[in-house]
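Undergrad: Build the 3D model from these lines:
(one chain, ligands or ions: 2)
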Amino acid sequence: MEEEQRRQVEEQVEALLSGQGSEVTGCDVGLDQSKPATLKKNVTYIVCGVIFNDKEEVLMVQEAKQECYKQWYLPAGRVEVGESLEEALRREVKEEAGFDCEPITLLLVQEQGPQWIRFIFLAKVTGGTLKTPSAADHESLQASWWDRQSALPLRGRDILRLIDCGLKYRQDPWHPVTLPVDLSCRHVVQRLVLVFTNAEQQIWILLVKAPVLHLPTAAAVKTHAVTWAANLVVQEAMPSVYYDQDVNTLGIFSLQHNGRQHGKTDGVCLNTLVALVPDYVQRNEDGEKVEWTGTGRPPPVENPQYVWHEVQKQTLREKLLEKTKNTSILPIHSLY
Ligand SMILES: C[C@@](O)(CCOP(=O)(O)OP(=O)(O)O)CC(=O)O
Ligand SMILES: [Mg+2]
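TA: Residues are numbered from 1 along each chain as shown. Ligands and ions are numbered 1, 2, ... in the order given. Modelled structure (predicted):
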């Protein structure tokens with residue numbers, strides 16, 4: 001029975017690695033500290049489009065808002081109730097720049113806790129016309145292609161890094177195309193593929209045992225970064241060695257969002273790869289701290305709800321080791 005469950009977990013991890021999602025059926029950690037996500041109440045999602053023309057100029061919009069009047073920014077805006085992230089992107093680019101667009105991939109997710117998550121897309125123009133000053137309205141004054149060299153009064157310099165992300169990805173698509181998977185979720189959660197690897201190329205994944213073996217799912221709490229949820233899991237699984245570990249969220253395999261039912265499916269599930277790396281020291285059998293040599297087994301779990309599963313499937317092991325080494329997955333940056 002357990003063997004079958006382990007096999008199923010490995011199958012699920014392979015599916016997540018290929019960018020698929022899977023239904024969020026429950027939450028193991030943090031649900032008591034988090035409420036169902038409700039757009040414009042306890043979560044704000046922002047979409048932002050990085051769009052280039054064939055001269056590698058980037059599409060910019062001139063803001064009409066009082067607080068940033070006549071300053072330039074990427075087309076961006078808040079997701080509205082009932083929208084998918086891609087629908088919000090298309091709407092914002094149309095309203096602010098006049099173009100129809102098609103998302104190519106997510107480039108980056110930025111977060112300041114579940115109450116502010118920004119999804120940056122690389123996208124391409126598929127129709128429409130550039131918004132001119134004669135079409136100025138409350139959404140924007142106009143749009144323009146920017147050569148990224150000439151002086152331009154910016155609403156925020158934070159977009160320079162986003163433009164760089166887009167340029168780098170166009171030149172070298174260094175992670176798989178990653179677009180939101182249309183699966184509903186009530187909370188903002190991280191489903192963790194939390195791994196421990198050693199110098200012998202072995203790799204373990206931390207699993208929760210009941211009701212059946214599964215990947216830990218942790219709800220984001222508003223007082224911490226979304227990615228803090230992984231720390232909560234490690235703290236619960238191995239409290240006495242928690243402070244000797246680095247919990248590194250390496251990136252997102254896939255992202256699930258549906259958004260159609262306000263207050264019921266406003267959540268997001270981030271399927272994340274997290275590496276547990278002992279600090280430069282580990283403890284020996286006598287509990288003394290010793291230099292970690294990169295060999296050996298993962299730190300023992302102390303909570304009977306958790307168990308380490310050593311990956312058996314060769315192809316999965318190789319894929320996970322490669323992802324963990326090269327972090328060739330969608331990045332998530334906590335701006336907390
Ligand atoms: C990331 C932003 O700076 C840009 C998006 O916000 P907007 O103010 O442009 O929102 P809309 O009015 O919906 O277009 C917002 C932020 O939180 O900093
Ligand atoms: Mg805007």
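Undergrad: Regarding whatever residue of the stretch 151-300 of the chain ends up closest to ligand 1, what is its secondary structure?
TA: Distance from ligand 1 to each residue of the stretch 151-300 of the chain (Cβ to the nearest ligand atom) is smallest for Gly156, at 6.0 Å. For every residue, glycine as well, the C-beta is placed using N, CA and C. Here Gly156 is recorded as coil under DSSP: H, G, I helix; E, B strand; the rest coil.
Undergrad: again, but for the one 5 residues further on
TA: Look at Arg161: counting by three-state DSSP, its state is helix.
Undergrad: Also Pro103?
TA: Classification of Pro103 using three-state DSSP returns strand.
Undergrad: The one 3 residues further on now?
TA: Three states are possible here, and by three-state DSSP the one that applies to Leu106 is strand.
Undergrad: So it sits against Ile117, correct?
TA: No - counting by Cβ atoms under 8 Å, Leu106 sits too far from Ile117 to count as a contact (11.6 Å).
Undergrad: Flag every buried residue along the longest helix belonging to the chain.
TA: Under DSSP state H, the helix in the chain containing the largest number of residues is helix 2-17. Residues Arg6, Val9, Glu10, Gln12, Val13, Leu16, Leu17 are the ones in helix 2-17 that count as buried (16 or more other Cβ atoms under 10 Å).
Undergrad: quick one: pLDDT of the closest residue to the fifth one other than its chain neighbours?
TA: If I follow you right, that is Val13. Closest residue to Val13 apart from its sequence neighbours, by Cβ to Cβ, 6 or more residues apart in numbering: Val193 at 5.7 Å. Predicted confidence (pLDDT) for Val193: 97.
Undergrad: export the host helix or strand of Val193 as PDB, just CAs?
TA: Here Val193 sits within strand 188-197, counting by DSSP states H and E. Extracted in PDB, the C-alpha atoms of strand 188-197 (Å, rounded to 0.1, in the frame of the first residue of the first chain):
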ATOM      1  CA  VAL A 188      -2.600  31.400  -1.100                       C
ATOM      2  CA  VAL A 189      -0.600  28.200  -0.600                       C
ATOM      3  CA  GLN A 190       2.800  26.700  -1.400                       C
ATOM      4  CA  ARG A 191       2.800  23.000  -2.300                       C
ATOM      5  CA  LEU A 192       6.400  22.000  -1.500                       C
ATOM      6  CA  VAL A 193       8.700  19.700  -3.300                       C
ATOM      7  CA  LEU A 194      11.100  20.000  -0.400                       C
ATOM      8  CA  VAL A 195      14.300  18.100  -1.200                       C
ATOM      9  CA  PHE A 196      17.500  17.100   0.400                       C
ATOM     10  CA  THR A 197      20.400  16.100  -1.800                       C
END
